[in-house]
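# Sequence below, structure please.
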Amino acid sequence: MKTNTIRMAIRHDAASISRTFKLSFRHAYTGIIPYETLNQIIEQRSPFWWQNYIENHSNIWAIEDNSIVAGYISFGPNRHETFANDAEIYGIYIRPEYQGNGFGKKLFETSVRELNRVKLRGKLTWVIEENQQAIDFFIAMGGYICGDSSSLHEGTSLKKIAICWK
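So this is what the prediction gives:
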């Protein structure tokens, strides 16, 4: 019988979260983000980086399936002054083999509950425009497109879409 639990991430999860990020980020962005940039981003998020992140951020939650960290979400105060939203979902990543099992929805609902608990109500997140799967997921979670931005990576302009919730 499969069981899954959602819990706050701990330092011991760093290697598993690093692996989850690597697998899911590569799955989502291969062919969208230039190869060198993609690898640099993945390599920056080493287990050591995640240990520091977990120790300094209380809002990272993991979903475990039979003792495997199948996904995680991180969130907190909004970092973008151009939006009046109180909160931001910094990232949600599910290992490719676990996608489509409702784990993303469970993590998202956890973030909403936790953000509401600390009175951070309006939320936003950023998605690269070509990641239609992520955009569709956030729209299905009640979000709406509320802005955009772009950045240049290895000569490639990447458009990011802001998705907001009230």
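
# Go ahead and confirm Ala162 touches Ser149.
Yes. Using CB atoms under 8 Å, Ala162 makes contact with Ser149 at a distance of 7.2 Å. Placement of C-beta: from N, CA and C, glycine included.

# Work out for me the element Gly104 sits within.
helix 103-117 (DSSP states H and E).

# Check which residues of that helix are buried.
Phe103, Gly104, Lys106, Leu107, Phe108, Thr110, Ser111, Val112, Glu114, Leu115 (16 or more other CB atoms under 10 Å).

# my guess is the first one meets Gly71, correct?
Yes. At 4.9 Å, Phe103 and Gly71 qualify as touching, with contact defined as CB under 8 Å.

# Low-confidence bits of the protein, can you list those?
Residues of the chain that meet the criterion pLDDT under 70 lie in 1-2.

# Run through the helices of it in chain order.
Secondary structure of the chain (DSSP state H): helices located at 14-29, 35-44, 47-56, 103-117, 132-140.

# which residues are contacting the last one?
Counting by CB atoms under 8 Å, 6 or more residues apart in numbering, the neighbours of helix 132-140 from elsewhere in the structure are Ala28, Gly104, Thr125, Val127, Ile128, Glu129, Ile145, Ile161, Ile163.

# between these, which is closest to Gly76?
Thr125 (11.7 Å; CB to CB).

# need the contact list for that closest one.
Glu88, Ile89, Tyr90, Ile92, Phe138, Gly143, Ala162, Ile163.

# residues contacting the residue lying closest to Tyr29 once chain neighbours are set aside?
Leaving aside its sequence neighbours, Tyr29 sits nearest to Leu38 (CB to CB, 6 or more residues apart in numbering; 5.7 Å). By CB under 8 Å, 6+ apart, the residues touching Leu38 are Phe25, Arg26, Tyr29, Thr30.

# which two from those residues end up farthest apart in space?
Longest span within the contacts of Leu38, CB to CB: Phe25 and Thr30, 9.0 Å.

# so how far is Ile33 from Asn101?
25 Å (CB to CB, to the nearest Å).

# Between the two, which is the more surrounded one?
Neighbours per residue (other CB atoms under 10 Å) separate Asn101 from Ile33, with Ile33 holding more: 23 against 16.

# more neighbours, Phe25 and Thr30?
Phe25 (17 against 10).

# quick one: the more buried one and Asn39 touch, right?
No. Contact status for Phe25 versus Asn39: not in contact, 10.3 Å apart, counting by CB under 8 Å.

# So what's the residue count around Gly155?
Gly155 has 6 nearby residues by other CB under 10 Å.

# So it versus Thr37, what's the distance?
10 Å.
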